[in-house]
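Chemist: Predicted model and sequence below, questions to follow.
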Amino acid sequence: MSERHTVARMTREGEHFEILVDPQHALSYRLGKTTSISKVLIADTIFTDANKGLRASEDILQRVFQTLDSSAIADVILKKGTLQLTTEQRRQMTQDKRRQIISFISRQSVDPRTNLPHPPLRIEQAMEQIHYPIDPFKEAEEQAKEIIRLLRPVLPLKMEKISVSVHIPPEYASKAYGTVKGFGQIRREEWRADGSWFAIVELPAGLYGPFLDKVGEITRGALEVKQIK
């Protein structure tokens, strides 16, 4: 693999297929950031082994993909197959995914000894002990739940949701509504005769502090909040 091109590959119905692609455009295509497959393909050819220049036969392509359109086949390989990343791409994507995972764990779980979230640095240091292989393409939430299970022997963690009642004065109600909704799930709400808004919100325990800070900032402290669970 060179820095100018890389390989996307797929095995389907016992047959192996590869395409030569531009690394940056291929990654953008895989992530849904570009729809131009013409920018992705280095060669308009479906291979069984790109390094050896071995092409897939038309009979096999037709049987497996029900088409001979190389762009349509390449689309399937790029979206459902494996994309070989450059060293720099994998490093950057893995780093970004790690940050997302740490953020999720910090928001969604608490230390059962204090019922407070663990600081991100503490979570990161604990993750280094379990040597979890982060997949740059796999959803952060899915990996975070598995990591939480593996972290428990080295870092006390508890996944917990709490319910909070919040009452916001009329002058801030409309502005605060979207923010409150962004922190959790509104279980019950009521617009009162004076224009104020009352709601019961379920949110991760780790978000309670940031919730108070953000809604308090919007309302300038003019709100009533009570944890009810």
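Modeler: Thanks, I have the structure now.
Chemist: Return the backbone torsion pair for residue 7.
Modeler: Recorded main-chain torsions at residue 7 are phi -120, psi 140, according to degrees, to the nearest 10.
Chemist: need the contact list for it.
Modeler: 1, 18, 19, 20, 21, 50, 84 (CB atoms under 8 Å, 6 or more residues apart in numbering). (Glycine included, C-beta is placed from N, CA and C.)
Chemist: and the fifth one, bridged to which residues?
Modeler: Put plainly, it is residue 21. Taking DSSP bridges as the rule, residue 21 bridges to residue 6, residue 41.
Chemist: My read is that it contacts residue 41, right?
Modeler: Yes: contact status for residue 21 versus residue 41: in contact at 6.1 Å, counting by CB atoms under 8 Å.
Chemist: Tell me which helix or strand comes right after the helix or strand of the chain with the lowest mean pLDDT.
Modeler: Every helix and strand of the chain was ranked by mean pLDDT, DSSP states H and E. The lowest is strand 158-159, at a mean of 84. From strand 158-159 onward toward the C-terminus, using DSSP states H and E, the following helix or strand is strand 161-168.
Chemist: So the protein: which segments form each domain?
Modeler: The chain is divided into the following domains under automatic domain parsing: 6-83, 87-158, 160-227.
Chemist: Report the mean per-residue pLDDT for the longest one.
Modeler: Averaged across domain 6-83, pLDDT comes to 94.
Chemist: tell me how far it is from the chain's mean position?
Modeler: The gap between the average C-alpha position of domain 6-83 and the chain average comes to 25 Å, counting by CA atoms, centre = their mean, to the nearest Å.
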